[in-house]
Every structure is written in C-alpha cells, then in structure tokens.
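Student: Provide a 3D model corresponding to the input given below.
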Amino acid sequence: MVLFVLAAFTVLLILSLMGNWHFSVSALVVVPVIGIIFGVREYVRYCALSRQLALRCMFYERGLDRLRGEWRALEVTGEEFARGSHLYQFDLDVLGDRSLFTLLCTTRSQVGATRLAAFLLDPVDLEETTARQEAVRELRGATALREEISLLGKYQFQGCNAAALHHWLNTPELRVHPTIPIFLFACGSAILLLAILCLAQFVSWMQILPILVPLVLAQGAVSAPLSREIRSRLRVLQSLKNEFSVLQQGLRLLQRQSFTSSKLKGLVNQSREANASLQIRKLEHLLSGVVQREKEILALPSLLTAAGTQLVLAVERWREANKIG
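Tutor: Residues are numbered from 1 along each chain as shown. Coordinates of the predicted model:
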C-alpha cells in the first residue's frame, strides 16, 4: 500500500512538472508523505500484533504438550545446570529428558531457567517452603498473568551471556573523583558544539582550532589514566546490551500486580519501592549508548567527546546508586 501510494503520487508530481500545471507542487508532496507515515505505522503495529499472536500460540501449544505428556519434544532439559556432587538430580529425574525441570520450565530467559534449577536442587527451610507453596497456590489460576509473561521480550526464549553478566556483577566499582565526569561532560559538549558550528559554516575550522585543540588535549589527559580499565569494561558492557529487556518488562508487569501471599507481596513492594523497572530501563539506555558508539558514523564523534569513558562512568554511578556489585 505504501509503495503504491508513493508511486502514484510520484507519477503525478512528474507529470505536473512536465506539463507545468498550475497547482501547488508542495501539496502533492505532502499527500504521499502522509500516506507513507500512515502505512509504516500500520506495518509496525501489525508486526507487533503478529509477534504477540505467535508467542501466545507457542505458550498454549507448550501447555497442551504438557497435558498430553508430550514434553519430551521440548528442548530445555536442564542438564546444563547439573551439579557434580548433587545426590538425586538424575536419580529422581529432577533434571534431564522428561524430567521435572522440563515439565515446569516455562521461563522466558536463561537466567530464569537457572533460577528454576536452583529452586529444584537447593534445599530450603520450612518457612521458605511454606511461602513458596502459598505463592504457587495463588498463581495456579492466574492464566492471564502467565499469558502476559509469555509476551515479554522479542523472542520465545532470551539467551544470556551468564559469564559476562556474572563478571560484571562481581567487578569492583570504578571510583573516580566526582569532578572528572563533570569535566568530561563539559569538554565533550563544548567540542561537539564547536564541531556543529563549523559544519554549519557559522565559523571556520581555523577560527576554532585554538579553542578545540586545548579542549581535546585536556580531555585526553584526564581520560588517559583510565583508558585500560575503560576499554575492559566497555567490552563487557557491549555483551550485556540484550540481557535486561525481559527483566525490565517483567518488573514493569510485576509492579502492576496485587497479590495476597506474603512472598509475592514482598516482591511487588520491593520492586515498587526501588522503582526497579525504571532503573533497569535507565541501564538499558546506557548500554544502548555503549553499542551505538561503535557504529562507523559515530566513531569519530565518540572519540572526540570521550563518550566511552563517560558512558562507563555513568554505568558505575548507576551501580553505586542501585547497590550492584
């Protein structure tokens, strides 16, 4: 539809120019643009709806497989979570093909599957066991909530770079003097502004070089002592870009819920008090910036403004504010 509208009005525009018709050419330009915007919006909307429909279908098909006792065909067996010294993980079919783990595993991410395996393998005291049973009884009839959970993220199952995530969580915080991020931001903003003025031809490069060169040198002098640590942390952050999407959407869903069992109420209250969904969203924006700076078109501006250093320090401030690590 979009291509048809664009082609039709392009032909009309060409004919009007060739025939020197007496009507506003700008009006002809506006109409296909509006059509294209409308068509793209509808296309994006229907893509999202089709993805949700596919995820819903997979959710109920997997449920039917379990009811029919056909969960052998499911790929997740939990064997990757096996522990060498565990007494009964295979003898009682806790893990492995047609195991309890395979029957129960409807998690949306690798981290969730890891947590489920820990729930099945690690013993807990009576109080915790009772709290979990109470939560399960409340969730047992919450089919609509389970369906909403199945729609989280872009994929049916979100993989996880567990090693990178574990390494990041356990890396000591990078502490710098509070004035360094402010100085880098001020220098980077000034350099970017001067470059834009030159590109817009308000001033010439020769006019701003006496200002630009000292700024770049001062910024480099402050960033240089941190360069090795910054590069190491940037590599880790690049591998974490897609690790938090399901978590962020899941927390947002959790914060909208109202439960009666003590364990679920505690999880909801903790999430709301920390505004966890918003905090994870902020982290996602920072990680997106880390990835975007690697694009060729942004490589030089990123280098001139020390964007990598600023982003790493921003992530470290996020960790400190949220007590991560």
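Student: can you give me the offset of the longest helix seen in the chain from its chain's centre?
Tutor: Looking across the chain with DSSP state H, the single longest helix is helix 25-67. When C-alpha coordinates are averaged (Cα atoms, centre = their mean, to the nearest Å), helix 25-67 and its chain have centres 21 Å apart.
Student: try stretch 263-276
Tutor: 21 Å.
Student: again with stretch 261-273
Tutor: Its chain's C-alpha centre and that of stretch 261-273 lie 23 Å apart, by Cα atoms, centre = their mean.
Student: Going by neighbour count, list what's buried in it.
Tutor: 261, 263-264, 267-268, 271 (16 or more other Cβ atoms under 10 Å). Heads up, the C-betas are built off the backbone N, CA and C, glycines and all.
Student: how about CSV for these, with secondary structure, pLDDT and distance to residue 132 added?
Tutor: CSV is the format used below for those (DSSP: H, G, I helix; E, B strand; the rest coil; pLDDT from 0 to 100; distance: Cβ to Cβ, whole Å):
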residue, secondary structure, pLDDT, distance to residue 132
261, coil, 92, 9
263, helix, 93, 7
264, helix, 93, 10
267, helix, 92, 12
268, helix, 93, 16
271, helix, 92, 18
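Student: In terms of distance to residue 154, which of those residues ranks first?
Tutor: Residue 154 has its nearest neighbour among the buried residues of stretch 261-273 in residue 271, at 22.2 Å by Cβ to Cβ.
Student: can you pull out the strands in the stretch 51-200 of the chain?
Tutor: For the stretch 51-200 of the chain, applying DSSP state E, counting those that start in this stretch gives no strands.
Student: which residue ranges form the helices in it?
Tutor: In the stretch 51-200 of the chain, the helices defined using DSSP state H, counting those that start in this stretch lie at 100-104, 110-121, 126-139, 143-150, 162-170, 179-199.
Student: Verify the stated contact: residue 51 with residue 152.
Tutor: No - between residue 51 and residue 152 there is no contact under Cβ atoms under 8 Å: 11.7 Å.
Student: before we move on, the earlier item: and the helices of the stretch 51-200 of the chain as CSV, adding mean neighbour count?
Tutor: Below are these laid out as CSV (neighbours: other Cβ atoms under 10 Å):
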stretch, mean neighbour count
helix 100-104, 18
helix 110-121, 17
helix 126-139, 13
helix 143-150, 15
helix 162-170, 13
helix 179-199, 15
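Student: Worst mean pLDDT among those helices?
Tutor: For the helices of the stretch 51-200 of the chain, mean pLDDT drops lowest on helix 162-170, to a mean of 80.
Student: Tell me the confidence at the residue nearest to the spatial centre of the chain?
Tutor: Residue closest to the mean C-alpha point of the chain, counted by Cα atoms, centre = their mean, is residue 245 at 3.6 Å. As predicted, residue 245 sits at a pLDDT of 83.
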